[in-house]
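Asker: below are the sequence and a predicted model for it; my questions follow.
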Amino acid sequence: MNQGKHRHIRPWVCGAIICALMLVPVTHADAALAPIRLWGELGYDFRLERFEEGDSLEENAGIFKLHGMTYIHQPWLAVVEGGIGLDLRHTDRDTDDSSSENITGDARLRLFPQSRFPFEVYAERSDSRTDTDLAGLDIERTRYGVQQRYTSEAGTAYRFRYEHSDHRNDTSTASGQDDIQEDEADLFQFGFNKAFDAHRLTFDSNLNRIDQLDSRDQTETFFSTLRHTYSPGPSLSAEDMLTYNVTDLQQAMSESKTSILQLNSYAFWRPATRRPLRVNTSFRALGRTNESGGPENTANSATGTLGATYEWSPRWLFNASAGVTGLENEDDSETQTFQAAGASYTSEQRKLAGFDTSWFAQFDARNDTDAEGSIQGAGASLGYSLGRNLLIDQRSSLVFNGSQSVSYVADTDDFNARTLLSNLSLTWSRRGQARSSLIRISASDSHSYASGDRAAGIEGNFQLVNLQASLDQRLGANAFLSGNLTVQASRDFRPDMISGTGSLNGEWTPTASADLSYSINRLFGVQNLVFRSTLRFISDSYLPLFDTPEDATGRDDKRWDNRLEYTIGRLQLRAIGRVSEVRDEEQAFLLFQVRRLFGDI
């Protein structure tokens, strides 16, 4: 690789483009340069971080940004814009100090930006230097490219883009040794959009090649997607997507190449029948090829499915589906099929002792076939639900919901399982002009009994109890107070998976979180002075702050965030303070920012 040639020519090419775009000379009297619009910002950042364990730091940063834009002759002919930026930082840590400088520049020229064939050329350059007590790091990034778009009179839109980028790292040590690493990348992109009748085509492709100079390491990736949609009306729609992906990786001692070709198709049909009928079909094909110095490995698969749902009445729903899958590689091939059918019924809602009640039932059957034989299975479930909404007064209500169901599944592979599921919830809520509050308690209980080779992990029981409370309070015209509390306890017992400790031994595991937030839009009556404060607790206990986790490794985190912002004209001030205790480690954070905007913003 001609590293020296590339290293010296590429920056000069990028610099020439930037200078040409920023300093476009006008050589014709009719091409008068319009007034230049300038804008930017000046800024200062102060950041302070303190840790009970680990390095603390104090950082000061200065920021300067300047952008400019103009046009040549008329805005429809050419638009020129560019910018420069400077970022200076100094960081003091407990163990070392560091200083960094980051200089950036960019420029763009857009020709005929409002036409059907806009053209753009751009360039970017950045140089970052960081010095510490022991080493220095110089990072140079260069990026430039062109982009062309074209829209035909028929509405077909084409796009092409080429971009070259260079990334160079130069690390120097206190002993005077230098370690230089440089990568180059070339990117090609092409795509188009076309619509005709009820069809729409979209194509996108990109080729990206990355070379590591002074070595054989090289990565080349190609990705393309062709998407087709067809929608002649609300009753029929179809979509196809074809993708082709190639990754070629070359290293000093090895080389590999992987190719993937994939097709996904889906269609949905809802004919105008008396009772709703929905038919859907899908097809997926995948081919993979892998070369890594030895024999080529290939794997192919294809799956097709067809399904239908028929709403016989508002209460009865029938469904059926079937599918076939083919698998193939160098050594073997296999065909798998499935057929399934089901029906469900939901009753009308009726009143019972003041409660709204309903019941439901479901049945399904399935047949699966593969190289080892076939398995037939069936399942059924039966359940009910009830609820009641009590209006306590005009602003508050009490809502009760409950449900219970029993299900049974079995197959010819000597497996069966029975599950009893129960859910209860009680919610109290109140809404007013200045205050809204809510309290909800819910419980869930599941018992499963299973037998057969696949019973492990299914048999057992699970319980969950959850309490939630929230409050939203308006404090005058500009202040708000909100709070949330969640307490939860769960228990999971699996007799075939007990390990003595952990989440499957049947012990109750608590988790809780609480947060309280206060915000005011005009602090001390000052316009645009905004203050927000949030206090948050997260704990593996039943009550954060007042309880401690039973497990020594459990969480018991606390965090208090405060944010103050003020804007006056083009001056922006921001202060953020945070104290926290995370995993038994105390932390503190302070950020102060000043921004001064200027120019034609």
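Answerer: Noted; the coordinates are in hand.
Asker: show me the helices in this structure, by range?
Answerer: Secondary structure of the chain (DSSP state H): helices at 3-22.
Asker: low pLDDT regions in it?
Answerer: Across the chain, the ranges flagged by pLDDT under 70 are 1-33, 132-135, 173-178, 497-504, 543-553.
Asker: strands of the stretch 351-500 of the chain, residue ranges please.
Answerer: 355-370, 373-391, 396-411, 415-431, 435-451, 460-475, 479-493 (DSSP state E, counting those that start in this stretch).
Asker: how about the second one: buried residues?
Answerer: With burial defined by 16 or more other Cβ atoms under 10 Å, the residues of strand 373-391 counted as buried are Gly377, Ala378, Gly379, Ser381, Gly383, Ser385, Leu386, Arg388. Bear in mind the C-beta positions are built from the backbone N, C-alpha and C, glycine included.
Asker: am I right that the last one is in contact with Phe355?
Answerer: Translated: Arg388. Yes. Counting by Cβ atoms under 8 Å, Arg388 does reach Phe355; the two are 4.8 Å apart.
Asker: show me whatever sits in contact with both of the two.
Answerer: Phe400 (Cβ atoms under 8 Å, 6 or more residues apart in numbering).
Asker: just to revisit the earlier point, could you dump the buried residues of strand 373-391 to TSV with distance to Ala341?
Answerer: As requested, those are exported to TSV (distance: Cβ to Cβ, whole Å):
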residue	distance to Ala341
Gly377	12
Ala378	10
Gly379	12
Ser381	15
Gly383	21
Ser385	25
Leu386	30
Arg388	36
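Asker: residues in a beta bridge with Glu120, which ones?
Answerer: Note on Glu120: beta-bridge partners Arg110, Gln147, judged by DSSP bridges.
Asker: domain parsing for the protein?
Answerer: Following automatic domain parsing, one finds the domains of the chain at 1-215, 216-326.
Asker: nearest to Asp492, of those?
Answerer: Closest approach to Asp492 among these is made by domain 216-326 (32.0 Å; Cβ to Cβ).
Asker: just the terminal-to-terminal distance for the closest one.
Answerer: Domain 216-326 has an end-to-end distance of 40 Å (Cα to Cα, to the nearest Å).
Asker: then stretch 567-574?
Answerer: Distance between the boundary residues of stretch 567-574 (Cα to Cα) amounts to 9 Å.
Asker: in it, which residues are buried?
Answerer: Gln572, Leu573, Arg574.
Asker: bridged to the residue lying closest to Leu38 once chain neighbours are set aside, which residues?
Answerer: Counting by Cβ to Cβ, 6 or more residues apart in numbering, the nearest residue to Leu38 once its immediate chain neighbours are dropped is Gly599, at 4.6 Å. Counting by DSSP bridges, Gly599 is bridged to Trp39.
Asker: now swap in Ala588 and tell me
Answerer: Beta-bridge pairing for Ala588 (DSSP bridges): Arg50, Val579.
Asker: just the strands in the stretch 501-601 of the chain please.
Answerer: Assigned by DSSP E, counting those that start in this stretch, the strands in the stretch 501-601 of the chain fall at 505-520, 529-539, 556-568, 571-582, 585-599.
Asker: oh, that last question was meant for the stretch 101-250 of the chain, not what I typed.
Answerer: Here the stretch 101-250 of the chain has its strands, by DSSP E, counting those that start in this stretch, at 119-132, 135-151, 157-173, 178-196, 199-212, 218-233, 236-250.
Asker: helices or strands up against the fifth one?
Answerer: In this structure, strand 199-212 packs against strand 178-196, strand 218-233, with contacts taken as 3 or more Cβ pairs under 8 Å, 6 or more residues apart in numbering; DSSP states H and E.
Asker: reformat these as JSON lines; add distance to Val594.
Answerer: Below are the helices and strands packed on strand 199-212 laid out as JSON lines (distance: least, Cβ to Cβ, whole Å):
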{"stretch": "strand 178-196", "distance to Val594": "37"}
{"stretch": "strand 218-233", "distance to Val594": "43"}
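Asker: who wins for proximity to Ser448 among those strands?
Answerer: strand 218-233 (43.1 Å).
Asker: so what touches the closest one?
Answerer: 197-212, 236-250.
Asker: can you list the strands that that strand pairs with?
Answerer: strand 199-212 (antiparallel), strand 236-250 (antiparallel).
Asker: these into CSV, with extra columns for mean neighbour count and distance to Arg435?
Answerer: Below are those laid out as CSV (neighbours: other Cβ atoms under 10 Å; distance: least, Cβ to Cβ, whole Å):
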stretch, mean neighbour count, distance to Arg435
strand 199-212, 16, 51
strand 236-250, 16, 47
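Asker: nearest to Arg474, of those strands?
Answerer: That would be, of the strands paired with strand 218-233 and by Cβ to Cβ, strand 236-250, which comes in at 46.5 Å.
Asker: convert the C-alpha atoms of that closest one to CSV, please.
Answerer: Provided in CSV are the C-alpha atoms of strand 236-250 (Å, rounded to 0.1, in the frame of the first residue of the first chain):
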residue,chain,number,x,y,z
LEU,A,236,-55.6,-6.5,-0.9
SER,A,237,-52.0,-5.6,-0.1
ALA,A,238,-48.7,-7.4,-0.8
GLU,A,239,-45.0,-6.7,0.0
ASP,A,240,-41.8,-8.4,-1.2
MET,A,241,-38.3,-7.7,-0.1
LEU,A,242,-35.2,-9.1,-1.7
THR,A,243,-31.8,-8.5,0.1
TYR,A,244,-28.3,-9.5,-1.0
ASN,A,245,-25.4,-9.1,1.5
VAL,A,246,-21.7,-9.9,1.0
THR,A,247,-18.9,-9.5,3.5
ASP,A,248,-15.3,-10.1,2.4
LEU,A,249,-12.8,-10.0,5.2
GLN,A,250,-9.0,-10.3,4.5
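Asker: so how far is that strand off the chain centroid?
Answerer: 21 Å (Cα atoms, centre = their mean, to the nearest Å).
Asker: ditto for stretch 319-327
Answerer: 32 Å.
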